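Engineer: Okay, sequence plus prediction incoming.
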Amino acid sequence: MKRFVAHILADWKLVILPALLKWGIWGVGAVAVLDSSSIPVPMDAILALYVWNDKPHFWIYCLMAAAGSAIGGLLPYGLGRAGGELFLLKRVDRARFERLRDRFERQEFLAVMIPSMMPPPTPWKMFIFASGVFEMRVPYFLLAVFAGRMVRWLALSLLVLKLGPGAVDLVARHALVVVPIVGALAVIGFAWWWIRKKRQGKLLAD
């Protein structure tokens, strides 16, 4: 079985991936679908090379990659929705499960968007799977993943345009710093949104 899996991965890296990448912009979208749905792919590195070699159209690559990631995420989302609560409980303890559920109940959109913005090693697929378990609505799910991925890859593209493809390694080396900073900014943004919403509700009530 291990040899079979290794053979499939070798074919993927040496044959399938190069073939998809020849499709250009569409290939980036197709690879993003596979990355989100099943086979892990170094999307940051792939996107960086395309952006560096076609600088004027960097935003199109980000757009296609974000769309592909949202579409591919429907597979783990669907598995979670089909009855993944028991599976999730085998992977996380009850306390963490309750925290995930509370997060989705408070603000499901940000609960998916924020992890989608984060670089590895953020356990992105766990949040996507959880969004299915907690029955997040599909349009909101797609929009949240798309928005988060778009922010992430636009930021990466700007770094690549400034520093070159080596920006990917820079982000990877400082992931432990980047993740808390992005998370803190997201929390601040959420707090600002929540306070503003409460104030608007109070004004309407008055």
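Structural biologist: Noted; the coordinates are in hand.
Engineer: Now the residue nearest the centre of the chain: closest residue in space, sequence neighbours ignored.
Structural biologist: Taking C-alpha atoms, centre = their mean, the centroid of the chain lies closest to residue 116, which sits 3.0 Å from it. Closest residue to residue 116 apart from its sequence neighbours, by C-beta to C-beta, 6 or more residues apart in numbering: residue 148 at 2.6 Å. In short, each C-beta sits where N, CA and C put it, glycine included.
Engineer: Could I get the contacting residues of the one you found?
Structural biologist: Going by C-beta atoms under 8 Å, 6 or more residues apart in numbering, residue 148 touches 112, 113, 114, 115, 116, 117.
Engineer: Residue 100 - how many residues pack around it?
Structural biologist: 20 (other C-beta atoms under 10 Å).
Engineer: no no, residue 77
Structural biologist: Neighbours around residue 77, by other C-beta under 10 Å: 27.
Engineer: and it, what element?
Structural biologist: helix 74-81 (DSSP states H and E).
Engineer: repeat for residue 131
Structural biologist: Judged by DSSP H and E, residue 131 forms part of helix 124-133.
Engineer: Show me what secondary structure element comes after that helix.
Structural biologist: Assigned by DSSP H and E, the successor of helix 124-133 is helix 138-163.
Engineer: Now find how far off-centre the helix holding residue 131 is within its chain.
Structural biologist: 11 Å (C-alpha atoms, centre = their mean, to the nearest Å).
Engineer: any weak-confidence spans in this protein?
Structural biologist: For the chain, applying pLDDT under 70 flags the ranges 1-21, 170-206.
Engineer: what ranges do the strands span in it?
Structural biologist: Remark: no strands are assigned in the chain by DSSP state E.
Engineer: got the contact list for residue 127?
Structural biologist: Contact partners of residue 127, counting by C-beta under 8 Å, 6+ apart, are 100, 111, 112, 115, 116.
Engineer: Hmm, residue 68 and residue 145 touching each other?
Structural biologist: No - with contact defined as C-beta atoms under 8 Å, residue 145 does not count as touching residue 68 (10.2 Å).
Engineer: Identify the contacts common to these two.
Structural biologist: Contacts common to residue 145 and residue 68, judged by C-beta under 8 Å, 6+ apart, are residue 36.
Engineer: how much space is there between the closest residue to residue 117 other than its chain neighbours and residue 113?
Structural biologist: Nearest non-adjacent residue to residue 117, counting by C-beta to C-beta, 6+ apart: residue 148, 4.4 Å away. The gap separating residue 148 from residue 113 is 4 Å, by C-beta to C-beta, to the nearest Å.
Engineer: and residue 71, how many neighbours?
Structural biologist: 18.
Engineer: residues in contact with the closest residue to it other than its chain neighbours?
Structural biologist: Leaving aside its sequence neighbours, residue 71 sits nearest to residue 33 (C-beta to C-beta, 6+ apart; 5.4 Å). Applying C-beta under 8 Å, 6+ apart to residue 33 gives the contacts 68, 69, 71, 72.
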